[in-house]
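K.L.:
I would like the atomic coordinates for the input below:
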Amino acid sequence: MRAPAYDQSLYDTMRRIVADHRLDVRGRTVVLKPNLVEFEPESSINTHPLLVHAAYEAFLAAGASSVQIAEGPGHRRNTLDLADAAGYFKIVPNFEETFVDLNLDDVTRVWPESQFSRVEKLYLPNTALGAGLLVSMAKMKTHHWVGATLSMKNLFGTVPGGIYGWPKNVLHWAGIDECIADLHAAYPRKFSIVDGIVGMEGNGPIQGVPKRVGVIVAGRDPLAVDAT
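P.N.:
Numbers count the residues shown, from 1 in each chain. As a prediction, this is how the structure comes out:
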């Protein structure tokens with residue numbers, strides 16, 4: 001969907017996305033997983049907080065029993081400070097009450113039906129595993145190792161740093177592409193919303209330059225979303 005700016009029109013846009021995809025979240029817990037990386041609020045590194053709040057309101061309006069925002073940054077341990085710098089406390093009312101730090105969450109060991117990487121034991125946070133719908137809210141960016149970081153790569157933020165460390169290099173050693181496939185298989189109830197209003201090109205996902213694209217790409221199938 002076209003979305004030229006981070007403004008109040010996003011609230012209507014997100015409600016239409018939820019309605020158009022016929023997402024039945026009545027009585028279910030929805031977990032929004034944005035991409036929070038670095039302390040640069042004016043950059044195009046992080047998923048914009050206004051888009052996340054618009055999704056938050058849209059899923060509540062659709063009947064979700066609760067909506068949580070959850071992230072486990074790979075580079076920074078002080079997650080709340082990072083969220084504050086990215087504007088989340090300013091944009092999302094009572095942000096701290098709705099937020100879960102996935103780096104510190106309780107975990108469960110999971111066995112994906114098909115395992116592609118060399119990670120022998122996959123421990124994932126209970127908040128993400130227990131979601132009635134896990135919504136990957138990635139930032140549309142280039143990535144110097146995997147080409148692009150979109151809705152499936154964004155699931156790296158669900159791997160707990162409390163177990164795998166910072167910056168989660170174990171996922172790199174085990175094969176980045178293969179770990180993306182493992183995480184995609186580990187979460188069966190997913191929806192994707194990619195923030196492409198202003199993305200990043202060049203030396204992403206951190207040191208690239210802003211690229212205004214003016215779109216939100218959303219869908220039930222993360223493979224199709226990322227391919228689009």
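K.L.:
Show me what stretch 76-92 is in contact with.
P.N.:
Stretch 76-92 is contacted from outside by 36-41, 46, 48-50, 52-53, 56, 69, 71-73, 95-96, 98-99, 101, 103, 161, 166, using Cβ atoms under 8 Å, 6 or more residues apart in numbering. Any C-beta I mention is one placed from the backbone N, CA and C, and that applies to glycine too.
K.L.:
I'd like to know which helix or strand in this structure has the lowest mean pLDDT.
P.N.:
The weakest-scoring helix or strand in the chain, judged by mean pLDDT, DSSP states H and E, is helix 169-173 (a mean of 88).
K.L.:
Which positions within that one qualify as buried?
P.N.:
residue 171 (16 or more other Cβ atoms under 10 Å).
K.L.:
Also stretch 110-121?
P.N.:
112, 115, 116, 117, 119.
K.L.:
same question, stretch 25-44
P.N.:
Within stretch 25-44, the residues scored as buried using 16+ other Cβ under 10 Å are 25, 28-39, 43-44.
K.L.:
ditto for stretch 138-158
P.N.:
138-143, 148-158.
K.L.:
coming back round to it: could you point out which of the buried residues of stretch 25-44 is nearest to residue 208?
P.N.:
Nearest to residue 208 among these: residue 44, at 7.6 Å, using Cβ to Cβ.
K.L.:
which residue packs closest to that closest one, ignoring adjacent ones?
P.N.:
Spatially, and ignoring its direct neighbours in sequence, residue 44 is nearest to residue 210 (4.0 Å; Cβ to Cβ, 6 or more residues apart in numbering).
K.L.:
Torsion angles phi and psi at the one you found?
P.N.:
Note on residue 210: backbone dihedrals following degrees, to the nearest 10 are phi -60, psi 140.
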